[in-house]
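In: Got a predicted model here, sequence first, then my questions.
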Amino acid sequence: MCNRFEGGGARRKLRLAAYSLLAVLLSIPVGLHAQQYSGSITGAVTDSTGAAIPGATITITNVGTGAKVTQKSGGDGGFTFAQLPVGTYEVTVTQTNFKEFTETGVLVHTSTPTEVPVVMQVGHSAERMPSEMGRPIHVDDIALDFPDLTIVGAHTGWPWVEEMIALAWKHRNVYIGTSAHHPKYLDRSLVAFANSRGKGKVMWGTDYPVMDYRDALTAIDGLGLKDDAKALFVGDAARSVFKLA
C-alpha cells in the first residue's frame with residue numbers, strides 16, 4: 001500500500017484485502033487542488049500483496065448534502081474524485097469476493113491534507129475461512145513501507161497477541177485496538193504491555209452493541225492498570241491517534 005504526501009497534493013491509496021484475509025487497509029490523506037472551495041480524493045485499490053484491483057467500485061458520499069459519486073478503479077487500481085466541495089465524506093469500496101469497506105468522517109479541506117488512521121481486523125477470521133493472512137505479522141512490511149501511515153490492529157490479533165504486541169512496540173505508527181474483546185478476557189501479556197512499555201499503544205473499544213459500556217468499564221477497573229495507563233487505555237490514546245478534541 002502506498003501512502004505519500006507530495007506537496008499540497010497528497011496521494012491516497014486504499015488497500016482492499018480479501019474477506020478471508022485482513023479486513024481493509026486504508027490510508028486517507030486527501031489531495032487538494034488550488035481551487036478555493038474544492039478539493040479532490042485520489043488513490044488506488046490494491047490487495048494485501050500490493051497487486052492492483054481494477055474494477056472495484058468506489059463511492060463517496062457528501063454527508064452534508066447526501067450527494068453521491070461513484071466510479072470504478074482503473075487498470076492500475078487508481079481512482080480520482082476531483083472538484084469536490086469542501087465537507088465531510090464517507091468512502092465505500094466494494095468488489096466481488098472482497099469485504100466491503102466503509103470509512104466515515106473523511107474531511108476535505110481547502111488548504112491542508114487530512115490523514116485518517118487505518119483500522120483493520122487482525123487475528124483469526126471467526127468464520128469458516130482461512131485465518132493465516134489475518135496474522136499480525138503481515139502488517140510488518142506495510143508499517144515499514146509506509147511509516148507515515150497510522151495503523152490500528154483491531155481485535156487484539158488473537159490468538160497471535162504476542163505478534164501484535166511486538167509490532168506495536170517495534171513501529172511508532174502501529175497501535176492495538178481491543179474492540180469486540182471483553183476486557184476480562186484480554187490476554188495478560190497485552191494488559192502488561194498497556195501497563196508498562198506499551199502505554200499509549202493500546203486502546204479500548206466495545207464494538208457496541210457487542211458489549212455493554214458499563215460492564216466493560218467495570219472489568220477495566222479490575223485489570224490493575226496504573227492511573228496513567230488506564231487513562232490512555234480508555235480514551236486518551238484514541239484521542240491522540242484519531243486527533244479528537
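Out: Arrived safely, thanks for sending.
In: So, low pLDDT: which residues of this protein?
Out: For the chain, applying pLDDT under 70 flags the ranges 1-37, 47-51, 110-116, 245.
In: ok, which stretches of it are strands?
Out: Using DSSP state E, the strands found in the chain span residues 14-16, 24-26, 38-46, 57-62, 68-72, 78-85, 87-94, 101-108, 118-121, 151-154, 174-177, 202-203.
In: which helices and strands sit right next to the last one?
Out: Other elements packing on strand 202-203 under the criterion 3 or more Cβ pairs under 8 Å, 6 or more residues apart in numbering; DSSP states H and E are strand 174-177, helix 188-194, helix 237-241. (Glycine included, C-beta is placed from N, CA and C.)
In: domains for this structure, by residue range?
Out: With domains defined by automatic domain parsing, the chain comprises 14-115, 120-241.
In: next one: stretch 221-239 to chain centre, how far?
Out: Between the centre of stretch 221-239 and the centre of its chain there are 21 Å (Cα atoms, centre = their mean, to the nearest Å).
In: buried sites along that stretch?
Out: 223, 225, 229-230, 232-234, 236-238 (16 or more other Cβ atoms under 10 Å).
In: what about dumping the CA coordinates of that stretch to CSV?
Out: Output of stretch 221-239 as CSV, limited to C-alpha atoms (Å, rounded to 0.1, in the frame of the first residue of the first chain):
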residue,chain,number,x,y,z
ASP,A,221,-11.3,-1.4,36.7
GLY,A,222,-10.2,-4.9,37.6
LEU,A,223,-7.3,-5.1,35.2
GLY,A,224,-4.9,-3.5,37.7
LEU,A,225,-3.8,-0.7,35.3
LYS,A,226,-1.9,2.3,36.7
ASP,A,227,-3.8,5.5,36.6
ASP,A,228,-1.9,7.0,33.7
ALA,A,229,-2.1,3.7,31.7
LYS,A,230,-5.8,3.4,32.4
ALA,A,231,-6.5,6.9,31.2
LEU,A,232,-4.6,6.2,28.0
PHE,A,233,-6.3,2.8,27.5
VAL,A,234,-9.9,4.0,27.9
GLY,A,235,-9.7,7.2,25.9
ASP,A,236,-6.5,9.3,25.8
ALA,A,237,-4.7,7.1,23.3
ALA,A,238,-7.6,7.1,20.9
ARG,A,239,-8.0,10.8,21.2
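In: Let me see the residues that make contact with that stretch.
Out: For stretch 221-239, contacts defined as Cβ atoms under 8 Å, 6 or more residues apart in numbering pick out 175, 183-184, 186, 191, 194-196, 199-205, 217, 220, 244-245.
In: ok, now with 10 Å
Out: 117, 152, 175-178, 183-184, 186, 188, 190-196, 198-205, 216-217, 220, 240, 244-245 (Cβ atoms under 10 Å, 6 or more residues apart in numbering).
In: Can you check which of the helices and strands packed on strand 202-203 gets nearest to residue 125?
Out: Of all the helices and strands packed on strand 202-203, strand 174-177 sits nearest to residue 125, with 16.9 Å by Cβ to Cβ.
In: Report the strands that pair with that closest one, each with its relative direction.
Out: Using DSSP bridges, the strands paired with strand 174-177 are strand 151-154 (parallel), strand 202-203 (parallel).
In: Need the ones you listed in JSON lines (columns: distance to residue 65).
Out: Shown next, in JSON lines, are those (distance: least, Cβ to Cβ, whole Å):
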{"stretch": "strand 151-154", "distance to residue 65": "30"}
{"stretch": "strand 202-203", "distance to residue 65": "32"}
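In: Tell me which of the ones you listed approaches residue 62 most closely.
Out: Relative to residue 62, the nearest member of the strands paired with strand 174-177 by Cβ to Cβ is strand 151-154, separated by 25.8 Å.
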